[in-house]
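J.: Quick one: sequence plus predicted model below, questions after.
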Amino acid sequence: MNSLTADDRTQVTREATAEYWKHIIPIVQIAFAIHVLLLGLFLIVDLPVMWVTNAASVMAYIACLMAIKRRLYRCAGMLICIEIIAHAAIATWRLGWDSNFHLYVFCIVPIIAFGFHSSPVRRGCLSAAVLIVTVGGYLMRNKVPVVSISENVQDLFGAANALTATALLLHATALSVRFNLSMHMNLYHSAHRDSLTNLYTRRRVLQRLRQLGGGRREIPTALVLIDIDHFKQINDQHGHDMGDVVLQQVADVIARCVRTADIAARWGGEEFLVLMPNTTFEEARLIAERILMRISEQAGEIRQVSLTLTATLAVAILKDGEAFRDALNRADQRLYEGKQEGRNRVMLAE
Ligand SMILES: Nc1nc2c(ncn2[C@@H]2O[C@H](COP(=O)(O)OP(=O)(O)OP(=O)(O)O)[C@@H](O)[C@H]2O)c(=O)[nH]1
């Protein structure tokens, strides 16, 4: 399905895990705060087993936050899961099923689902633990004697735990979904934006062309091809790094000259292409003239250096029924002629 090597996969898993934990940190902090609160509450109502359990939970969350800080995500995940399962089991055992402490085990479901590093065995064990606490707790609900606490306190625990566990689960799920979306956005950005210039890539141009529909076009679409003149000399005289900065400057100029509906892309090394939907030939020519003027006026000013920078451009319209490749070839041919004729000009590929 894809050509990722084992090393690539390891890297992807590592990056995805780090990104996931970045999103999930607020949940760990909230869980830590809840357990500090519970510790105080159990001390007040004097339930030794429960306050000792909560003291251990508080320490587990401190260790977990430290593990996240040190990027020990596997360790952080295990700490959270063990804490939640153990706490839910002990609290259900001591305070009874109606205390609703068992509901917290569902909060580890997103951690199991997004535990990229976890082996199937570990996932299976954690899922089994969730079932043991919920199903086992339910079946044993009237068979194990629980500590006697007033009905009011029992109700308070039941209601507060149902509320908190549901809110935590919803929040953890929302954060997991947000993480998923942000990973997709990063992927989309890497696939469709050139890393040096931040302009669109070829892939985005072709995608936009597909969206505009095959060969039949009622509304004109224009394209402008832009090629920096004598760019090799810039690299040779000022170094490759300076060449990169020039590419970025030219890209900035192009991006500022086009409209938001246009697709400004880096087409090749020092060649750019702007796709302009809903644009007449004359409008595209004017934009090309503006780009040419701004490149020579602005793009050559780099730090203390002032380079003489020009470009050759070609404008074409995708005729009704014409394939993009044919219009591109026409523009390419005219661009070549523009280079022969002395560069620094806009050529019309009518
Ligand atoms: N710095 C830098 N240089 C690049 C990059 N991509 C391509 N180049 C260089 O761009 C240069 C293009 O050179 P040519 O195709 O000969 O074009 P030119 O020197 O601009 O000449 P004309 O187009 O005829 O005016 C080559 O030297 C490439 O090495 C890049 O990402 N960064």
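T.: Sure, I can see it.
J.: Pick out the residue of the stretch 251-350 of the chain closest to the ligand.
T.: Nearest residue of the stretch 251-350 of the chain to the ligand (Cβ to the nearest ligand atom) works out as residue 269 at 2.6 Å. (C-beta placed from N, C-alpha, C; glycine too.)
J.: Actually, the stretch 1-150 of the chain.
T.: For the stretch 1-150 of the chain, Cβ to the nearest ligand atom, closest residue to the ligand: residue 8, 23.3 Å.
J.: Next up, the contacts around that residue.
T.: If you count contacts by Cβ atoms under 8 Å, 6 or more residues apart in numbering, residue 8 has none.
J.: What's the separation between it and residue 186?
T.: Applying Cβ to Cβ, to the nearest Å, the value for residue 8 to residue 186 is 16 Å.
J.: Which strands or helices does the one helix or strand residue 187 maps to pack on?
T.: Following DSSP states H and E, one finds residue 187 within helix 151-192. Contacts defined by 3 or more Cβ pairs under 8 Å, 6 or more residues apart in numbering; DSSP states H and E place helix 151-192 against helix 6-44, helix 109-113, helix 202-212.
J.: Identify whichever of the ones you listed lies nearest to residue 153.
T.: Between residue 153 and the helices and strands packed on helix 151-192, the tightest spacing by Cβ to Cβ is seen for helix 6-44, at 9.2 Å.
J.: tell me which residues in the closest one are buried?
T.: 16-17, 20-21, 23-24, 27-28, 30-32, 34-35, 38-39, 41-42 (16 or more other Cβ atoms under 10 Å).
J.: same for the following helix or strand past it, what does it pack against?
T.: Sequence-wise, the next helix or strand downstream of helix 6-44 (DSSP H and E) is helix 48-69. Judged by 3+ Cβ pairs under 8 Å, 6+ apart, the packing partners of helix 48-69 are helix 6-44, helix 73-95.
J.: Lowest mean pLDDT across those, which one is that?
T.: If the helices and strands packed on helix 48-69 are sorted by mean pLDDT, helix 6-44 sits at the bottom with a mean of 90.
J.: got the angle between that one and helix 151-192?
T.: 160 degrees (axes from the mean of the first three to the mean of the last three Cα atoms, to 10 degrees).
J.: And helix 6-44, how far out from the chain middle?
T.: 18 Å (Cα atoms, centre = their mean, to the nearest Å).
J.: Next: stretch 157-173.
T.: Using Cα atoms, centre = their mean, the offset of stretch 157-173 from its chain centre is 27 Å.
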